[in-house]
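>>> from the sequence below, what's the structure:
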Amino acid sequence: GAAVLAERQTAGRGRLGRSFFSPEGGLYFSLLLRPRDLAADAGLITVSAAVALARACDRFLPEGAAPTKIKWVNDLYRDGRKIAGILAEAVSRGSESCVILGVGVNLTLPEGGFPAELREKAGALFTALPPEERENLRLSLFEAFLGEFEALCGAPDCLPEYRARMFLTGRPVSYEKDGRTHEATVTGIGERGELLLREDGREITLSCGEVSVRV
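Next up, the predicted model:
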């Protein structure tokens, strides 16, 4: 239950060891979790966190705004742009195991804009906010996430909403495996949060990894 929050990160890290751009103006935190059954719960922790964070973000949007979408397995999108990322990592020391859940949300567009490599795909919850409003939003969003996540964490009850918010179903995607690029169509989400695909007439399951939408 311990949490560490930051107003910015100088060495933010995302999935697959990539850097995570974390300028001032966002919400960045790591949460310590101790699941009862790490092997069984691991897949649903990220799913639960994605649904909880999407719900929390939606609370602060204007009435009638479209719901926040999810891209398997750990990204949140609005208006076709990524606004948040989630990273769950298992840590073991001796006989004890835990999960560190890292979350980063772009609350506003960064001063000077995003780096060139992110400009076409990154977005933010809001275009801009006064500093005081941004600070209030940061804390309120964190508290809203904790409340939603506590109710959902590791429970399969979150899967219907995850599926409804996931915008990849029915779309052609590509992914890397065994040193080559595969092309498939997303058919849905499994009972442990895994991605279900159809590739060359065969049903494929991805429990981890990353997919890219094919244009």
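
>>> list the buried residues in the longest strand seen in the chain.
In the chain, with assignment by DSSP state E, the single longest strand is strand 81-93. By neighbour count, with 16 or more other CB atoms under 10 Å as the criterion, the buried positions of strand 81-93 are K82, I83, A84, G85, I86, L87, A88. For every residue, glycine as well, the C-beta is placed using N, CA and C.

>>> dump the helix or strand where E135 lies to CSV, restricted to CA.
When elements are assigned from DSSP states H and E, E135 belongs to helix 131-152. What follows is the C-alpha trace of helix 131-152 in CSV, where atoms were taken according to Å, rounded to 0.1, in the frame of the first residue of the first chain:
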residue,chain,number,x,y,z
PRO,A,131,-0.6,25.6,-11.6
GLU,A,132,-3.0,25.5,-8.6
GLU,A,133,-5.7,23.7,-10.6
ARG,A,134,-3.1,21.2,-11.9
GLU,A,135,-1.9,20.4,-8.4
ASN,A,136,-5.4,19.9,-7.2
LEU,A,137,-6.1,17.7,-10.2
ARG,A,138,-3.0,15.6,-9.5
LEU,A,139,-4.0,14.8,-6.0
SER,A,140,-7.7,14.3,-6.8
LEU,A,141,-6.9,12.0,-9.7
PHE,A,142,-4.5,10.0,-7.5
GLU,A,143,-7.2,9.6,-4.8
ALA,A,144,-9.8,8.7,-7.4
PHE,A,145,-7.6,6.0,-8.9
LEU,A,146,-6.8,4.5,-5.4
GLY,A,147,-10.6,4.3,-4.6
GLU,A,148,-11.4,2.6,-8.0
PHE,A,149,-8.3,0.3,-7.9
GLU,A,150,-9.0,-0.9,-4.4
ALA,A,151,-12.4,-2.1,-5.4
LEU,A,152,-11.2,-3.8,-8.6
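
>>> which neighbouring elements make contact with it?
In terms of contacts (3 or more CB pairs under 8 Å, 6 or more residues apart in numbering; DSSP states H and E), helix 131-152 is packed against strand 3-6, strand 27-33, helix 38-59.

>>> now, of the ones you listed, which is deepest in the fold?
Mean neighbours per residue, mean count of other CB atoms under 10 Å, is largest over those for helix 38-59, with a mean of 21.

>>> quick revisit: redo the helices and strands packed on helix 131-152 as CSV? Include mean pLDDT and distance to N136.
Written out in CSV, the entries for those read as follows (pLDDT from 0 to 100; distance: least, CB to CB, whole Å):
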stretch, mean pLDDT, distance to N136
strand 3-6, 93, 14
strand 27-33, 94, 12
helix 38-59, 87, 13
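
>>> tell me which of those sits nearest to R165.
The closest of those to R165 is helix 38-59. By CB to CB, the value is 5.7 Å.

>>> what's the next helix or strand after that closest one in contact with?
Per DSSP H and E, helix 38-59 leads on to strand 69-71 as the next helix or strand towards the C-terminus. With CB atoms under 8 Å, 6 or more residues apart in numbering as the test, strand 69-71 has contacts from A50, V51, A54, L76, Y77, R78, K82, Y162, R165, M166, F167, L168.
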